[in-house]
Each structure stands twice: as structure tokens, then as C-alpha cells.
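> Sequence first, predicted coordinates after that:
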Amino acid sequence: MILLVEEKSKTKIHHAHQSMNIALADARVSKYLSIEPKTPIFVIERQYYARNRYPIYMSISYCRPIFTNSRLN
């Protein structure tokens, strides 16, 4: 994805910021993730910047939980 952004913007990505949070899925997100509304999900936000600190690209990813019956020892 980064190479595609660099190619389309004709700018090299110099650095990125990433944050990860836990949120409750709203109706729209829960529909796309095939989960119940208000299910806890991971939300990953990334911002990519050029050397001059100009923002080039931003992405937000929503990750549904994977539930198992196993326990960690």
C-alpha cells in the first residue's frame, strides 16, 4: 500500500504515526465485520507524512475480535 501511495502522490513517505484503540462497533462497522453492534473492536489509525511533515495518506482499520474457547496458561 505504501508503494502505491508513493507512486500516486509522487512523494516518498518519510514517517508515520499509528494509534491503536479499543472501541465499541457502531451499526455501520458491525454490519461490515459481521458482528453485533457494541462488540469491542480494535481501531487502528495510521497517518503517513512526507519529509516536510505534509500528510500524504491516512487509513483507519477496524478489526473484529477472534473468540476462542481456549485459555492461556
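Structure's in. What do you need?

> quick one: contacts for the most centrally placed residue in the chain?
In the chain, the C-alpha nearest the mean C-alpha coordinate belongs to Ser61, at 2.6 Å (CA atoms, centre = their mean). Neighbouring residues of Ser61 by CB atoms under 8 Å, 6 or more residues apart in numbering: Phe42, Val43, Ile44, Glu45, Arg46. Every C-beta, even on glycine, is put in place using the N, C-alpha and C of the backbone.

> beta partners of the third one?
I take that to be Ile44. Ile44 has these beta-bridge partners by DSSP bridges: Met20, Ser61.

> is it true that it touches Gln18?
Yes - judged on CB atoms under 8 Å, Ile44 makes contact with Gln18 at a distance of 6.8 Å.

> So for the two, which sits in the more crowded spot?
Comparing Ile44 with Gln18 by other CB atoms under 10 Å, the one with more neighbours is Ile44, at 13 against 10.

> Show me what the strand or helix carrying Val29 is in contact with.
Applying DSSP states H and E as the criterion places Val29 in helix 27-33. Residues from elsewhere that reach helix 27-33 (CB under 8 Å, 6+ apart): Ala25, Glu36, Pro37, Lys38, Thr39, Ile41, Tyr62, Arg64.

> All set now, cheers.
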